[in-house]
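Student: Whatever this is, show me its structure:
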Amino acid sequence: MGETTVGHVAGEVVRALYGAGYMESTIGQYRKSIRALERYAGGPDAVYTRGLGAGFAASTFS
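Tutor: Numbering: from 1, shown residues only. The predicted structure follows:
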């Protein structure tokens, strides 16, 4: 399995939200969190790992 970037994960999340019929205002809130994740990771080209996600969640929601 190849490496997945933070930007790829972000794109998939946004597509899923649109596909599920979420309102633009809700998607905008998710985009704020996605931008924070990208900053935490060092940019959208950073490789996404479970550890990265867990570290971001711990730093954001603790």
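
Student: By mean pLDDT, which helix or strand of the protein comes out lowest?
Tutor: The weakest-scoring helix or strand in the chain, judged by mean pLDDT, DSSP states H and E, is helix 50-61 (a mean of 93).

Student: Which residues does that helix contact?
Tutor: The set of residues external to helix 50-61 that reach it, using Cβ atoms under 8 Å, 6 or more residues apart in numbering, is 6, 33, 36, 37, 40, 41, 46. C-betas here are computed from N, CA, C, even on glycine.

Student: again, 10 Å this time
Tutor: Residues outside helix 50-61 that contact it (Cβ atoms under 10 Å, 6 or more residues apart in numbering) are 6, 9, 33, 36-42, 46, 48-49.

Student: Show me which of those residues is closest to residue 22.
Tutor: residue 33 (13.5 Å; Cβ to Cβ).

Student: Let me know the secondary structure of the closest one.
Tutor: Residue 33 carries the three-state label helix when classified by DSSP: H, G, I helix; E, B strand; the rest coil.
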